[in-house]
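1. Structure for the following, please:
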Amino acid sequence: MDSTNKSEVARLCQQLEQECEAMQRGLYGLASVAAHEIIRHRYQALGDYAEELAKHVGQEQAVEIMAVTYSEKVG
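-> Sure thing, here's the model as predicted:
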């Protein structure tokens with residue numbers, strides 16, 4: 001994997017983490033009154049990042065990265 005590809009994968013992984021953290025705050029944190037639409041949007045964004053990540057690392061690894069990230073950040 002070239003350095004540009006590694007950088008893009010790192011960026012996408014960071015985006016996944018940020019979305020999961022935002023979801024966790026929306027589901028359990030101070031923003032627990034978050035609208036269903038906001039949570040749905042976060043899930044859609046996760047899917048979009050996972051699809052983009054799959055282009056760089058393959059579908060199986062992208063799903064694994066997303067599952068681990070979601071588990072760690074959302075719980």
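
2. center of this structure, which residue is that?
-> Leu16 (2.4 Å; Cα atoms, centre = their mean).

3. so that residue sits right up against Glu51, yeah?
-> No. With contact defined as Cβ atoms under 8 Å, Leu16 does not count as touching Glu51 (11.4 Å). Any C-beta I mention is one placed from the backbone N, CA and C, and that applies to glycine too.

4. Would you mind measuring from Leu16 to Glu64?
-> 12 Å (Cβ to Cβ, to the nearest Å).

5. no wait, Gly58
-> From Gly58 to Glu64 the distance is 10 Å (Cβ to Cβ).

6. quick one, what contacts the residue nearest to the centre of the chain?
-> 46, 49-50, 53, 65-66, 69-70 (Cβ atoms under 8 Å, 6 or more residues apart in numbering).

7. could you pull out the helices for the protein?
-> For the chain, the helices defined by DSSP state H cover 3-28, 36-57, 59-73.

8. Can you lay out those as TSV showing mean pLDDT?
-> Shown next, in TSV, are the helices of the chain (pLDDT from 0 to 100):
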stretch	mean pLDDT
helix 3-28	84
helix 36-57	86
helix 59-73	89
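
9. How many neighbouring residues does Gly26 have?
-> Here the count is done by other Cβ atoms under 10 Å, and Gly26 has 19 residues near it.
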